[in-house]
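A.B. asks: no FASTA, just this:
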């Protein structure tokens with residue numbers, strides 16, 4: 001069943017989680033200025049949809065064209081790898097700065113593409129672990145980026161455990177977009193990369209949003225954008241975190257007051273089908289988010305179909321935040337200025 005929970009830790013956070021996302025995008029922006037593929041993605045005023053939904057304004061941050069990779073994830077792992085390259089640059093060519101280095105990760109989707117692309121730019125090697133649930137077409141996309149693909153496990157969590165084990169055994173760098181005790185540095189950098197998206201919104205939007213709907217898997221996107229929103233706009237925006245009802249990792253962790261593992265069937269929202277939250281993301285969202293909600297598979301599909309009719313083609317994962325808005329979970333009211341993120345393009349893009 002779908003769920004909605006008011007965050008009892010808002011403002012204070014969880015005392016046992018001392019790590020929280022960064023909120024300053026300046027380091028990301030400085031590195032991106034050196035990247036010829038970088039362009040700010042559009043923020044679209046979807047006035048027709050706003051009228052249909054009974055809100056004053058609806059702004060859609062469209063990440064489908066981000067750096068040719070089709071997703072906001074292009075900002076995350078690629079930034080973490082670029083940061084590593086910048087640390088060792090001593091007059092050498094950027095294209096060979098990380099020669100001999102290998103990055104390993106597990107992916108349910110676009111994070112793997114970001115690792116593969118980032119590694120390729122700086123001369124590193126990428127190994128991506130995929131579970132059985134990830135389509136082979138996506139594995140082929142990773143291979144075209146030069147990555148080695150290893151299939152291991154039935155779920156994302158299984159593939160993540162295999163990636164961690166493989167990286168440790170070979171002495172390679174694990175580059176996960178999730179975090180856990182004693183593993184925080186790289187996922188913190190990944191989340192820092194996502195701040196660029198939020199910083200662009202702040203430059204592009206006419207007035208601060210009153211409501212921000214943020215889809216979440218392990219919580220990296222939601223945690224980063226929420227941290228930036230609080231630093232930039234204070235307490236005004238209502239921040240709503242949206243998960244699949246079969247992968248309620250964040251809402252159940254908030255309910256329990258600690259990181260918990262959840263169980264459920266495979267979700268059609270594959271990018272969000274994560275049963276355990278990122279520790280860093282949970283720490284930040286416990287402090288910054290107002291409400292946690294879940295949506296059904298059908299609600300996500302209905303939202304994707306509606307957006308496609310308005311030329312915003314995406315996946316159920318890519319529009320999960322919009323799906324919660326469409327379902328009125330919660331209903332922001334007629335005076336609301338709503339921000340949602342279209343986090344990826346359609347599967348066949």
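C.D. replies: Looks like it arrived, so ask away. In this text the structure is predicted, and so the values were computed from the model without any measurement. Residues are numbered from 1 along each chain as shown.
A.B. asks: can you list the domains in this protein?
C.D. replies: Annotated domains of the chain cover 4-71+186-342, 77-176 [automatic domain parsing].
A.B. asks: just the terminal-to-terminal distance for the shortest one.
C.D. replies: It stands for domain 77-176. 8 Å (CA to CA, to the nearest Å).
A.B. asks: can you map out the strands along this structure?
C.D. replies: Using DSSP state E, the strands of the chain run over residues 4-6, 43-45, 57-62, 102-106, 125-130, 148-151, 173-174, 211-215, 238-244, 291-295, 337-342.
A.B. asks: quick one on the thing from earlier: and the domains of the chain, which one is worst for confidence?
C.D. replies: Mean pLDDT per stretch puts domain 77-176 lowest among those, at a mean of 93.
A.B. asks: still on that earlier bit, okay, the domains of the chain in TSV with mean neighbour count next?
C.D. replies: Quick note: C-beta positions are derived from backbone N, CA and C, even for glycine. As requested, those are exported to TSV (neighbours: other CB atoms under 10 Å):
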stretch	mean neighbour count
domain 4-71+186-342	21
domain 77-176	19
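A.B. asks: would you mind giving the strands of the chain as JSON lines with distance to residue 81 added?
C.D. replies: Below are the strands of the chain laid out as JSON lines (distance: least, CB to CB, whole Å):
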{"stretch": "strand 4-6", "distance to residue 81": "36"}
{"stretch": "strand 43-45", "distance to residue 81": "27"}
{"stretch": "strand 57-62", "distance to residue 81": "24"}
{"stretch": "strand 102-106", "distance to residue 81": "7"}
{"stretch": "strand 125-130", "distance to residue 81": "9"}
{"stretch": "strand 148-151", "distance to residue 81": "16"}
{"stretch": "strand 173-174", "distance to residue 81": "9"}
{"stretch": "strand 211-215", "distance to residue 81": "24"}
{"stretch": "strand 238-244", "distance to residue 81": "27"}
{"stretch": "strand 291-295", "distance to residue 81": "31"}
{"stretch": "strand 337-342", "distance to residue 81": "23"}
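A.B. asks: tell me, what residue is most central in the chain?
C.D. replies: By CA atoms, centre = their mean, the chain has its centre lying nearest to residue 221, at 3.3 Å.
A.B. asks: need the contact list for that one.
C.D. replies: 72, 194, 214, 215, 341, 343 (CB atoms under 8 Å, 6 or more residues apart in numbering).
A.B. asks: residue 297 now?
C.D. replies: By CB under 8 Å, 6+ apart, the contact list for residue 297 reads 244, 245, 246, 267, 268, 269, 316.
A.B. asks: can I assume the last one is in contact with residue 268?
C.D. replies: Yes. Counting by CB atoms under 8 Å, a contact exists between residue 316 and residue 268, whose distance comes to 5.3 Å.
A.B. asks: now do the shared contacts for these two.
C.D. replies: Joint contacts of residue 316 and residue 268 (CB under 8 Å, 6+ apart) are 297, 300, 301.
A.B. asks: relative to residue 141, how far out is the residue lying closest to the second one once chain neighbours are set aside?
C.D. replies: What that stands for is residue 300. The shortest distance from residue 300 to any non-neighbouring residue, by CB to CB, 6 or more residues apart in numbering, is to residue 316 (3.5 Å). Distance of residue 316 to residue 141, computed by CB to CB, to the nearest Å: 19 Å.
A.B. asks: could you pull out the helices for the stretch 1-150 of the chain?
C.D. replies: Applying DSSP state H, counting those that start in this stretch to the stretch 1-150 of the chain gives helices spanning 26-32, 47-53, 77-88, 110-121, 136-144.
A.B. asks: list the helices and strands the last one packs on?
C.D. replies: When contacts are defined as 3 or more CB pairs under 8 Å, 6 or more residues apart in numbering; DSSP states H and E, helix 136-144 sits against helix 110-121, strand 125-130, strand 148-151.
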